[in-house]
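**Student:** compute the structure for the input listed below.
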Amino acid sequence: MKKSLLFILLVIGSVYIISCSDPITGDVGSFPPNTYLSLFPDSIISPGSTLRKISWWGDSPQGFIAGYYFSFDSTTPVSQWSFTTKSDSTFLLQMNGNDTTFRFYVAAVDDKGLIDPTPASNLYPTLNSVPTMDFLAGTEIPDTVYPVTTFKWAATDPDGNATLRYFYWSLNDTNNFKIINGSVTTMTLTKDSGLVLNAPNALYMKVQDNAGAYSKIVRMPKDTTKFFYVQKVNSKILIVKDQPLAEMNTAADFFYNAMDTIKYDTLDIRSGNGKFIPKIINPMFIETLKLYDIVIWSASRGNISSDNANFDLAQRSLPFFTQAGKKLFFTTGFPNTETAQQGTLINFAPIDSVAACTIAFLSNVSVVNVDPSYPVISTSTLVQRTRGLKISNAVVLYRLPNTVACSDSSGGPIIAIKNTDSNPNIVFMGMPVYFLNGNPVNSKALMRKIIINEFGYQ
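**Tutor:** Sure thing, here's the model as predicted:
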């Protein structure tokens, strides 16, 4: 009974006290919202990355927050700040030095358009992270090149790749860096860029971010004991050596004798599993070919798969070469696979298809010169697995005699063509020319006919 009486007295006393307090007056909806950050204002924050996630929330007397205005600049009116309906965001803080402190401001806005007049804010100290770069794996420069070199690289910055500002490059030393834009990832250098001819070379690079921090210097080649040798262009003619290694000497002897008065350079794309082929075909390999007016691409007999010509490399490069007005003599056998589809082999010569019919062996055969201005040539060794050419818009230069296999009513298989009757820039032979050396005098006449008379070499 006493406890109940005490409780009643307490309740009456509380009502009396409340009734003596000032009542809440005015329209609750006219009060602006309040804004809060996940960290208390001016709390101590350890310096960190320029990539920062910041969270906030708001509280409105009427209970409805429509969104938030935020900024790192308090001098502009709040209504001109960025707006979001989210309660957090990740920011990349753009630095101007090795370390910078940023102040972040955020103000809640309610559904009536009322904005917190005292935005929440806090300081966010940052430390700049050093960027890194390296040359892409698989794009290494061959040991020996002609004066066109293409380099590819990738760079990253923990503060965001958008902070990458400049790349710097220097040939053969680290004292004369040149600047290129930070968005560039590929660069081609020539002798005009400073490549030293008939000498070893090396490229040095580094990257700089917006805050002025540099990466470590990287080098091509990566092995500091190695260099890439830049060979001078000595002729207007390049012979691409695409023969099997066992036939390299035979082919070399053929061209040495057949072109004894014609100067030429060579590019071996067979030795060392193709280690002299530039890894970057476009532009490096294509522009290397374009250093020359005439390319002689000498490939294999094609009787086994390992002997097949580098048709993929040829497809990816020679159309650009011939479209530039350059001249091409391509001589090759064909793969074992009896495919009649021209597109899988050749896209750089006017050949519709390659005949499916295969001549297993040719020996002691004189090739018929359909164009009498070309010399009669003959086989100098056993030639295996020869296939004729199918054409509709080209000029026939040579056929095999109609006594061999795979002949038809029009004659023996076509083995050599040119793309136009006059001023051709493509001559294609479907047999290795170095196996058609039965008469070395006529072999010399053949090469002079193609190089001088057809291609205009002087």
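**Student:** mind listing the strands for the stretch 251-400 of the chain?
**Tutor:** 265-268, 294-299, 327-331, 353-362, 366-369, 377-378, 383-390, 395-399 (DSSP state E, counting those that start in this stretch).
**Student:** now those as CSV including mean neighbour count, distance to residue 30 and mean pLDDT?
**Tutor:** C-beta coordinates here come from the backbone N, C-alpha and C atoms, glycine included. Compiled in CSV, those are given as follows (neighbours: other Cβ atoms under 10 Å; distance: least, Cβ to Cβ, whole Å; pLDDT from 0 to 100):
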stretch, mean neighbour count, distance to residue 30, mean pLDDT
strand 265-268, 18, 83, 98
strand 294-299, 25, 84, 97
strand 327-331, 24, 84, 98
strand 353-362, 18, 86, 89
strand 366-369, 18, 103, 97
strand 377-378, 20, 103, 98
strand 383-390, 22, 89, 91
strand 395-399, 21, 93, 98
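**Student:** save those strands as JSON lines, and put in distance to residue 35 too.
**Tutor:** Output for the strands of the stretch 251-400 of the chain, formatted as JSON lines (distance: least, Cβ to Cβ, whole Å):
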{"stretch": "strand 265-268", "distance to residue 35": "69"}
{"stretch": "strand 294-299", "distance to residue 35": "71"}
{"stretch": "strand 327-331", "distance to residue 35": "72"}
{"stretch": "strand 353-362", "distance to residue 35": "75"}
{"stretch": "strand 366-369", "distance to residue 35": "90"}
{"stretch": "strand 377-378", "distance to residue 35": "90"}
{"stretch": "strand 383-390", "distance to residue 35": "79"}
{"stretch": "strand 395-399", "distance to residue 35": "83"}
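**Student:** closest to residue 441 out of these?
**Tutor:** strand 377-378 (10.3 Å; Cβ to Cβ).
**Student:** mind listing residues that contact that closest one?
**Tutor:** 364-367, 369, 398, 436-439, 442-443, 446 (Cβ atoms under 8 Å, 6 or more residues apart in numbering).
**Student:** quick check: closest non-adjacent residue to residue 359.
**Tutor:** residue 386 (4.4 Å; Cβ to Cβ, 6 or more residues apart in numbering).
**Student:** thinking residue 62 is in contact with residue 30, fair?
**Tutor:** No - shown here, residue 62 and residue 30 do not form a contact pair, counting by Cβ atoms under 8 Å, at 9.4 Å.
**Student:** neighbour count winner among these two?
**Tutor:** residue 62 (15 against 10; other Cβ atoms under 10 Å).
**Student:** measure the more buried one to residue 118 for me?
**Tutor:** Using Cβ to Cβ, to the nearest Å, residue 62 is found at 18 Å from residue 118.
**Student:** ditto for residue 405
**Tutor:** 97 Å.
**Student:** looking at those two, which is more packed in?
**Tutor:** residue 405 (14 against 9).
**Student:** in contact with that one: list those residues for me.
**Tutor:** Residue 405 is in contact with 357, 359-360, counting by Cβ under 8 Å, 6+ apart.
**Student:** quick one: low-confidence residue ranges for the chain.
**Tutor:** Residue ranges of the chain with pLDDT under 70: 1-29, 40-50, 94-99, 302-307, 336-344.
**Student:** which one is residue 414 nearest to, not counting chain neighbours?
**Tutor:** Looking at residue 414 with Cβ to Cβ, 6+ apart, the closest residue is residue 389, at 4.5 Å.
**Student:** surely the residue nearest to residue 359 touches residue 363?
**Tutor:** No - counting by Cβ under 8 Å, residue 386 sits too far from residue 363 to count as a contact (11.2 Å).
**Student:** where along the stretch 201-350 of the chain do the helices fall?
**Tutor:** 248-258, 271-274, 286-289, 311-323 (DSSP state H, counting those that start in this stretch).
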